[in-house]
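**Student:** fold the following.
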Amino acid sequence: QGTASLLKDSISFTDVSASGLYEGHDLLRRGFTSVKNELLPSHPLELTEKNFQLNQDKTNFATLRNIQGIHAPLKLQMEFRAVKQVQRLPFLHSSNMAMDILRGNDECIGFEDILNDPSQSEVMGEPHMMMEHKLGLL
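**Tutor:** Below you'll find the model as predicted:
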């Protein structure tokens with residue numbers, strides 16, 4: 001029990017990758033490290049781009065409330081929560097098609113449809129270890 005708790009506290013799950021625990025910083029995937037880049041946005045529009053979907057949802061909910069009343073955005077938010085709770089196993093990629101349908105993005109072709117989301121790695125983790133981490137056993 002004591003050794004397992006030490007292991008759980010000392011090794012972060014995000015540090016484990018296909019290359020091993022002691023992998024160096026990958027410049028091709030993550031770029032150069034800089035403290036300034038972690039503190040401040042590099043461009044004035046970066047914050048609005050990060051919050052684009054949230055701002056668009058707020059605008060859509062406000063418009064929907066003005067047109068149909070308070071029940072319509074509340075119903076849509078409950079559907080969003082229900083769709084977010086349904087997930088695949090942690091080692092499988094999920095396209096979140098139901099969320100795209102609710103937001104109306106199912107007929108749009110975007111960057112992530114062609115080149116995929118750059119934040120997701122193509123390396124699939126070890127299924128048993130990922131499930132144990134999700135269940136709090138690791």
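**Student:** look up the closest residue to residue 57, ignoring the ones flanking it.
**Tutor:** Nearest residue to residue 57, sequence neighbours excluded (CB to CB, 6 or more residues apart in numbering): residue 103, at 7.7 Å. For the C-beta atoms, the positions are set from N, CA and C on the backbone; glycine is no exception.
**Student:** where does the prediction get shaky in this protein?
**Tutor:** Low-confidence segments of the chain, defined by pLDDT under 70: 1-23, 25, 36-38, 41, 117-124.
**Student:** any idea which helix or strand comes after the lengthiest helix in it?
**Tutor:** Secondary structure assigned by DSSP state H gives helix 52-68 as the longest helix of the chain. Proceeding N to C from helix 52-68, the next assigned helix or strand is helix 71-85, under DSSP states H and E.
**Student:** quick one: contacts of that following helix?
**Tutor:** By CB atoms under 8 Å, 6 or more residues apart in numbering, the surrounding residues in contact with helix 71-85 are 61, 62, 64, 65, 96, 98, 99, 102.
**Student:** which parts of it are buried?
**Tutor:** Using 16 or more other CB atoms under 10 Å as the test for burial, helix 71-85 gives 73, 76, 83.
**Student:** can I get the CA coordinates of that helix in PDB?
**Tutor:** Provided in PDB are the C-alpha atoms of helix 71-85 (Å, rounded to 0.1, in the frame of the first residue of the first chain):
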ATOM      1  CA  HIS A  71     -36.500  26.600 -21.800                       C
ATOM      2  CA  ALA A  72     -34.600  26.200 -25.200                       C
ATOM      3  CA  PRO A  73     -31.000  27.000 -24.000                       C
ATOM      4  CA  LEU A  74     -31.600  25.100 -20.800                       C
ATOM      5  CA  LYS A  75     -32.700  22.000 -22.700                       C
ATOM      6  CA  LEU A  76     -29.700  22.400 -25.000                       C
ATOM      7  CA  GLN A  77     -27.300  22.700 -22.100                       C
ATOM      8  CA  MET A  78     -28.700  19.500 -20.500                       C
ATOM      9  CA  GLU A  79     -28.100  17.700 -23.800                       C
ATOM     10  CA  PHE A  80     -24.500  19.000 -23.900                       C
ATOM     11  CA  ARG A  81     -23.900  17.700 -20.400                       C
ATOM     12  CA  ALA A  82     -25.400  14.300 -21.300                       C
ATOM     13  CA  VAL A  83     -23.300  14.000 -24.400                       C
ATOM     14  CA  LYS A  84     -20.100  15.000 -22.500                       C
ATOM     15  CA  GLN A  85     -20.700  12.200 -19.900                       C
END
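**Student:** many thanks, have a good one.
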